[in-house]
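Chemist: Prediction below, plus the sequence it came from.
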Amino acid sequence: MSIEDGVRPFEEGVRTDFEGRMSYAGYLDLDRLLSAQHPLSDPAHHDELLFIIQHQTTELWLKLIVHELRAARAFLDDDELSRARKSLARVKHILHSMTDQWSVLATLTPSEYAEFRGVLGSSSGFQSAQYRAVEFLLGNKHGRMLEVFRSDAKAHALLSELLDSPTVYDAFLRLVARRGLAVPAEVLERDVSAAWVEHPELVQVFREVYSDTTTHWELYETSEDLVDLEDAFQLWRFRHLRTVQRTIGFKTGTGGSSGVAFLRRALDLTFFPELISVRTEIGA
Ligand code: HEM
Ligand SMILES: N[C@@H](CC(=O)c1ccccc1NC=O)C(=O)O
């Protein structure tokens, strides 16, 4: 058998005996991964598997985002700017991929979803600990979010640790200060568990960076990476909102919120307000 017969020859060196050897399924623990889908609809609804897999793949990507954002923060602490930038770029691409993935779930029609929505009970993406971890790492801190995880000790510990530790932006601003720019002390010494609020003096710091990019090239490039990240995150939020709207209209959410109206409010949040405000000043 050959390529001419439409068959790729099976090379003699190809391994086939995995007794006592590492295999693909073994390394990836596929037995566990692929037995973790448990549709609840009875009789089984064809589309529930799509719903489960869409969420599980998102949770896997969120796991990697948390890992990369923690790494980016540590690299910033160590003044390893180009390494931090590499992690931030990876996160941006993951977010783009997560955003594209909404088109798969958008094939679920409102009638199909309504047929199994009941089995979801009070569960909701609002209870995603890893999603909340990403929000915290990027600066959208909100202590009350921990209430949702009262009965999940592991998730509670993860979020409580991240609530009380500096965000990626805190780490970046400390680095900016170490490079001699006038980051206000109140920013450097802020309560890191509080939500970020815009600091007008910081806009002036970024104004200096953006008006002399030759001197501040690396800080300028990293600032733009953060803006890329914020855009990518907002696009994910926006497509979630649009998908929710086309699937359940203006129904209230299973998590107890108003639904679309609640999600829309998140679009007004911004992680790095000074990096947006500086744009108003450029050239002025
Ligand atoms: C048909 C599909 C979906 C619908 C109808 C839907 C609906 C909703 C609603 C109504 C909320 C508000 C909270 C509530 O009251 O439940 C919410 C929040 C949320 N959903 Fe979904 N969702 C869908 C798919 C997804 C997927 C695939 C993910 C990916 C993990 C996801 C992640 C989240 C997250 C993270 C939140 C919290 C957002 C925030 O705090 O701003 N959702 N969803
Ligand atoms: N909040 C959704 C339910 C939902 O989407 C959901 C339910 C269980 C696990 C993940 C979910 N995804 C996002 O919120 C709803 O109100 O229909």
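Modeler: Thanks, I have it. Numbers count the residues shown, from 1 in each chain. Ligands and ions are numbered 1, 2, ... in the order given.
Chemist: can you list the residues of this protein near ligand 1?
Modeler: Listed as neighbours of ligand 1 in the chain under the rule CB under 6 Å from any ligand atom: 54-55, 58, 105, 108, 113, 124-126, 128, 131, 240, 243-244, 247-248, 253-257, 259, 262-263, 266. For every residue, glycine as well, the C-beta is placed using N, CA and C.
Chemist: run the last query once more with 8 Å
Modeler: Within the chain, the positions near ligand 1 by CB under 8 Å from any ligand atom are 51, 54-55, 58-59, 62, 98, 102, 105, 108, 113, 117, 124-126, 128, 131-132, 135, 145, 237, 240, 243-244, 247-248, 251-260, 262-263, 266.
Chemist: Can you tell me which of those residues end up in helices?
Modeler: Using DSSP state H, 51, 54-55, 58-59, 62, 98, 102, 105, 113, 131-132, 135, 237, 240, 243-244, 247-248, 260, 262-263, 266 are the members of the residues of the chain next to ligand 1 that sit in helices.
Chemist: ok so, going back, return the members of the residues of the chain next to ligand 1 classed as buried.
Modeler: For the residues of the chain next to ligand 1, a burial check counting by 16 or more other CB atoms under 10 Å picks out 51, 54, 58, 62, 98, 102, 105, 108, 113, 117, 126, 128, 131-132, 135, 145, 240, 243-244, 247-248, 253-254, 259-260, 262-263.
Chemist: Which element, helix or strand, includes the closest residue to Leu181 other than its chain neighbours?
Modeler: Among residues not flanking Leu181 along the chain, Val205 sits closest, at 5.1 Å (CB to CB, 6 or more residues apart in numbering). Under the criterion of DSSP states H and E, Val205 resides in helix 200-211.
Chemist: tell me which strands and helices that helix is in contact with?
Modeler: For helix 200-211, the packing partners by 3 or more CB pairs under 8 Å, 6 or more residues apart in numbering; DSSP states H and E come out as helix 168-178, helix 217-248, helix 273-281.
Chemist: ok, now with 7 Å
Modeler: helix 217-248, helix 273-281 (3 or more CB pairs under 7 Å, 6 or more residues apart in numbering; DSSP states H and E).
Chemist: which residue packs closest to the closest residue to ligand 2 within the chain, ignoring adjacent ones?
Modeler: Of all residues in the chain, the one sitting closest to ligand 2 is Gly125 (2.7 Å; CB to the nearest ligand atom). In this structure, Gly125 finds its nearest non-sequential neighbour in Tyr131, 6.8 Å apart by CB to CB, 6+ apart.
Chemist: Okay, that neighbour and Thr107: tell me how far apart.
Modeler: Distance, Tyr131 to Thr107, using CB to CB, to the nearest Å: 23 Å.
Chemist: and what of Ile52?
Modeler: On the measure of CB to CB, Ile52 and Thr107 end up 15 Å apart.
Chemist: And the two? Which one has more around it.
Modeler: Ranked by neighbour count (other CB atoms under 10 Å), Ile52 and Thr107 place Ile52 first, with 15 against 9.
Chemist: who touches the closest residue in space to Leu226 that isn't next to it in sequence in this structure?
Modeler: Leaving aside its sequence neighbours, Leu226 sits nearest to Phe272 (CB to CB, 6+ apart; 5.2 Å). By CB atoms under 7 Å, 6 or more residues apart in numbering, Phe272 lies in contact with 169, 226-227, 230.
Chemist: Can you name the two of these that sit furthest apart?
Modeler: Maximum pairwise distance in the contacts of Phe272, criterion CB to CB, is 11.6 Å, between Tyr169 and Val227.
Chemist: quick one on the thing from earlier: the residue nearest to Leu181 - how many residues pack around it?
Modeler: 22.
Chemist: okay but it is in contact with Ala182, surely?
Modeler: Yes. Using CB atoms under 7 Å, Val205 is in contact with Ala182, at 5.9 Å.
Chemist: which ones are touching the nearest residue to Leu138 once chain neighbours are set aside?
Modeler: Closest residue in space to Leu138, ignoring its immediate chain neighbours: Phe271 at 4.7 Å, by CB to CB, 6+ apart. Phe271 sits next to 138-140, 169, 230 when contact means CB under 7 Å, 6+ apart.
Chemist: quick one: low-confidence parts of the chain?
Modeler: Within the chain, no range satisfies pLDDT under 70.
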